[in-house]
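Participant: Here you go, sequence then predicted model.
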Amino acid sequence: MSVESVVAAPVAKKVPAERKHHGDVFVDDYEWLRAKEDPEVLAYLAAENAYTEAQTTHLEGLRGQIFDEIKSRTLETDLSVPTRIGDYWYYGRTFEGKQYGASCRCPIDATAEGIDAWTPPRLEPGVEIPGEEVLLDQNILAEGHDFISVGTVTVSRDGNLLAYSVDVVGDERYTLRFKDLRTGAELADEIPGTEGSVTWSHDGTHVFYLTVNQSWRPDTVWRHRLGADRAQDVKVFHEPDERFWVGMDSTRSEKYLMIGLSSKLTSEIWLLESDDPEGEFRVILPRREGVEYSVEHAVIGGEDRFLIQHNDVVDGVKAVNFVLCDAPVDDPLNMTLLIPHRDDVRLQGVGAFRDHLVLGYRREALPRIAVWPLTEAGYGERRELEFDLELCTVGASGNPEWEQPTLRLGLTSFLTPMRLYDYVPATDTLLLRKEQPVLGGYNADEYVQQRDWAVAEDGTRVPISLVWKKDAVAEGPKPLLLYGYGSYESEIDPYFSVPRLSIMDRGMVFAIAHVRGGGEMGRLWYDHGKMLSKKNTFTDFIACARHLVDTGVTAADRMVADGGSAGGLLMGAVANMAPELFRGIMANVPFVDPLTSILDPDLPLTVTEWEEWGNPLADKEVYDYIKSYSPYENVEAKNYPAILAITSLNDTRVLYVEPAKWVAKLRATKTGDSQLLLKTEMSAGHGGVSGRYEKWKEIAFEFAWLLDTVGLAGE
């Protein structure tokens, strides 16, 4: 493949390969692009990159402007709000001109008492911090590498030892390392090929870590004694069922270590007393198909209890939105119902502290939070925290200690930069600790956010969130970016974005279609957008787009759709189903060849995905259904919107080959002259490039293409 000419679009050769299942024969002309190490494949990807660069070279100036705007609005040298753990305040630093941050700490004021001992010091750039220690500087770790991702940075309970993990390829396999914070010396212990997380034993003598199998599924928990040879590590737990992912954590009280097993539909938890790291884990509730649960430890009325959130049957009815119970630690089946099931409220989690519980839940497509005091007699009166914003996202953020008089909260909206508060339950007081700085005179009053509703073809009301700048948007239909995801019960809640200001200030409206398959409206919202109901995700998105056109907010010739990963599947599907509705489509690491991937149990994630999409290997109905919406297999000879597809060569979640094949087939099949671009990051993973400046450049590239597509590039 020659890359000398970048004027003509690359044309991938066709090498027919047959895929046969359930009597169906599919001829795949581009499966040869899966050979990642083949020089011809790499040359093709390089040619696509060169073509993309040639097609967008006229936007170089605009890309530079947007990058400069993001940079100028960001306080580059900054410090996070400190979080207290033990005898130290922990915080992060960022530095002007440096790609990465550093993890630091400083000692608490040993003379402070009461709430003062939990009031974080106000840290200012350029002001010396007495006793500061730099625990880990990612800029140093990144030297000599094109990519770096830090999986965890965690300190032993006594504050003496640091564990951290690093991936320098992008394949999400991390090397675990340790540091003695008393001397600053790196320990000899080094464990490659881990999942990235780590859990300390109570006494700091051991750590527990996870390894993954060939399909990148975390399946095994290991115990490592600090100072011992890795060959002596003990396999604590192994999960053979390919549907289940294994996780490791501890209760907030740190009294128990927890191994959590979860598929898309079922969970199981094993516990061990933290002060007995070499003991045997015991199961809390044996797994039962279709039952999910989580466990926390609390002390209620002086008694150790387990708080169990589950979606099992209660009083003859399946608790699809979950209930909360408590039970004695030695008899977890003996549950007492604390919070019953509600059709309109999705219970999402409970955090247990010594003096109170923190409940997270969803109502009316927005997250909520409540504090539930614990008294000597048991449970006090629950109190939902209220904020004066119509659309906002609130949640507990960084509360590592079990015994603390404050609760750290994060609050944001489309108009509100992230605010960090400390809430004091004892006095019902909310203390603002920091608001994300936005330089250059940002004024929230110049922007508008609102909620709208579309009606899907089956009558379901689908929420849409919108935000725009008042004086930048002309009368009549407006240029609009419509984002969607709609899988895995993931919620896309209101959030502030500095980069987004660059497109809104130029006249773009930003909108989110909260389609089924996500979790915005409860568990059934998710259930009705997966498996054999997956097409609801696509038709909901199309209904939102049509609603925005029909109500005059935008028009088809000035609307761009955007989604990544499973949201990239959504983009590919709507490109086939309703290309006339969009001027352009952006698809990041898009899952556009789902049937080929889900048919191969040896690929990363496939078996675990069968509970999300169905198992086409075993079920012809599932095979036919996925084939009917698979973007790659339904490309047709018709006009498509302009398409920008972005992928990463080392992505282990959605392999680069999916968008590569999709673009190759589109290029050979579609009619018309709309632009079709493929951009492959050659040294990155699923999350794209690393380093904040590189990420800003990537955002600037995408936004420049977006503005050009809707005719705003010159404004």
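Facilitator: Yep, that arrived.

Participant: Output the contacting helices and strands for the lowest-mean-pLDDT helix or strand in the chain.
Facilitator: Using mean pLDDT, DSSP states H and E, helix 606-613 stands out as the lowest-scoring helix or strand of the chain, at a mean of 90. For helix 606-613, the contact count by 3 or more Cβ pairs under 8 Å, 6 or more residues apart in numbering; DSSP states H and E identifies helix 594-598 as packing neighbours. All C-beta atoms are positioned from the backbone trio N, CA, C, and that covers glycine.

Participant: And the pLDDT at the residue nearest to V710 when sequence neighbours are not counted?
Facilitator: Setting aside the residues directly before and after it, V710 is nearest to P479 in space (Cβ to Cβ, 6 or more residues apart in numbering), at 4.1 Å. Among the per-residue scores, P479 holds a pLDDT of 97.

Participant: can I assume P479 is in contact with R558?
Facilitator: Yes: under the criterion of Cβ atoms under 8 Å, P479 is in contact with R558, at a separation of 4.4 Å.

Participant: So for the two, which residue has more residues nearby?
Facilitator: When neighbours are counted by other Cβ atoms under 10 Å, P479 comes out ahead of the other of P479 and R558, with 26 against 21.

Participant: Could I get the full set of helices for the stretch 351-500 of the chain?
Facilitator: Counting by DSSP state H, counting those that start in this stretch, the stretch 351-500 of the chain has these helices, from start to end: 500-504.

Participant: The chain now?
Facilitator: Under the criterion DSSP state H, the chain carries helices at the ranges 39-56, 60-73, 138-141, 500-504, 523-527, 535-550, 566-577, 594-598, 606-613, 620-629, 657-669, 692-709.

Participant: hang on, K697 packs against F67?
Facilitator: Yes: K697 lies in contact with F67 (Cβ under 8 Å); the separation is 5.8 Å.

Participant: how close does the most centrally placed residue in the chain get to P218?
Facilitator: With distances taken as Cα atoms, centre = their mean, S490 lies nearest the centre of the chain, 8.2 Å away. Distance, S490 to P218, by Cβ to Cβ, to the nearest Å: 19 Å.

Participant: ok, L62 - contacts?
Facilitator: If a contact means Cβ atoms under 8 Å, 6 or more residues apart in numbering, then L62 has 700, 704, 707-708, 713 as its contacts.

Participant: From those residues, list the buried ones, please.
Facilitator: Members of those that pass the buried threshold by neighbour count (16 or more other Cβ atoms under 10 Å) are listed as 700, 704, 707-708, 713.

Participant: where's the residue nearest to S490 when sequence neighbours are not counted relative to R342, distance?
Facilitator: Of all residues not flanking S490 in the chain, G518 sits nearest, at 5.6 Å (Cβ to Cβ, 6+ apart). Plainly put, G518 is 19 Å away from R342 if you go by Cβ to Cβ.

Participant: what about these two, which has more around it?
Facilitator: G518 (27 against 15).

Participant: if we can go back for a sec, which residues are in contact with both of P479 and R558?
Facilitator: 710-711.

Participant: Send me the lengthiest strand in the chain as CSV with only the CA atoms.
Facilitator: Ranked by number of residues, the top strand in the chain under DSSP state E is strand 185-200. Output for strand 185-200, consisting of C-alpha atoms alone and laid out as CSV, is shown next (Å, rounded to 0.1, in the frame of the first residue of the first chain):
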residue,chain,number,x,y,z
ALA,A,185,13.1,3.9,47.9
GLU,A,186,11.4,1.7,45.3
LEU,A,187,10.9,-1.9,46.6
ALA,A,188,12.2,-4.9,44.7
ASP,A,189,8.6,-6.2,44.5
GLU,A,190,7.4,-5.9,40.9
ILE,A,191,4.4,-7.7,39.4
PRO,A,192,3.8,-7.4,35.7
GLY,A,193,0.6,-8.4,33.8
THR,A,194,-1.9,-7.4,36.4
GLU,A,195,-5.4,-5.9,36.0
GLY,A,196,-4.2,-2.7,37.6
SER,A,197,-6.0,-2.4,41.0
VAL,A,198,-4.6,-3.4,44.4
THR,A,199,-6.0,-3.9,47.9
TRP,A,200,-3.9,-3.7,51.0
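
Participant: Return the list of helices and strands in contact with that strand.
Facilitator: strand 149-155, strand 161-167, strand 174-180, strand 206-212, strand 218-225, strand 245-250.

Participant: Recalculate using a threshold of 10 Å.
Facilitator: Under the contact definition 3 or more Cβ pairs under 10 Å, 6 or more residues apart in numbering; DSSP states H and E, strand 185-200 sits against strand 149-155, strand 161-167, strand 174-180, strand 206-212, strand 218-225, strand 245-250, strand 256-262.

Participant: so the residue nearest to S490 bridges to which residues?
Facilitator: When assigned by DSSP bridges, G518 has beta-bridge partners R516.

Participant: and it, how far is that from Y526?
Facilitator: Taking Cβ to Cβ as the measure, G518 and Y526 are separated by 7 Å.

Participant: Y293 now?
Facilitator: Using Cβ to Cβ, Y293 is found at 17 Å from Y526.

Participant: about what we covered before: who has more neighbours, K697 and F67?
Facilitator: Each of K697 and F67 has its neighbours counted (other Cβ under 10 Å); F67 has more, 21 against 17.

Participant: Would you check that that one makes contact with E702?
Facilitator: No: the pair F67 and E702 fails to qualify as a contact (Cβ atoms under 10 Å) at a distance of 11.6 Å.

Participant: just to revisit the earlier point, show the average pLDDT along the longest strand of the chain.
Facilitator: The pLDDT scores in strand 185-200 average 96.

Participant: List the buried residues for that strand?
Facilitator: Residues of strand 185-200 classed as buried under the neighbour-count rule (16+ other Cβ under 10 Å) are 189, 191, 194-200.

Participant: May I see the residues you listed organised as a markdown table, with distance to A231 added?
Facilitator: Output for the buried residues of strand 185-200, formatted as a markdown table (distance: Cβ to Cβ, whole Å):
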| residue | distance to A231 |
| --- | --- |
| D189 | 12 |
| I191 | 11 |
| T194 | 15 |
| E195 | 20 |
| G196 | 21 |
| S197 | 22 |
| V198 | 19 |
| T199 | 21 |
| W200 | 21 |
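
Participant: Check these against Y693 and report the nearest one.
Facilitator: G196 (23.7 Å; Cβ to Cβ).

Participant: Setting aside sequence-adjacent positions, which residue approaches that closest one most closely?
Facilitator: With Cβ to Cβ, 6+ apart, the residue lying closest to G196 is G151, at 2.8 Å.

Participant: In this structure the one you found contacts L176, no?
Facilitator: Yes: under the criterion of Cβ under 10 Å, G151 is in contact with L176, at a separation of 8.3 Å.

Participant: neighbour-wise, which of those two wins?
Facilitator: Set side by side, G151 and L176 give different neighbour counts by other Cβ under 10 Å, the larger being at L176 (25 against 19).

Participant: How much space separates the more buried one from F237?
Facilitator: Plainly put, L176 is 17 Å away from F237 if you go by Cβ to Cβ.

Participant: How about L707?
Facilitator: To F237, L707 is 51 Å away according to Cβ to Cβ.

Participant: Over to L420?
Facilitator: When Cβ to Cβ is applied, the distance between L420 and F237 equals 36 Å.

Participant: Same question for G584.
Facilitator: Following Cβ to Cβ, the distance that separates G584 from F237 is 48 Å.
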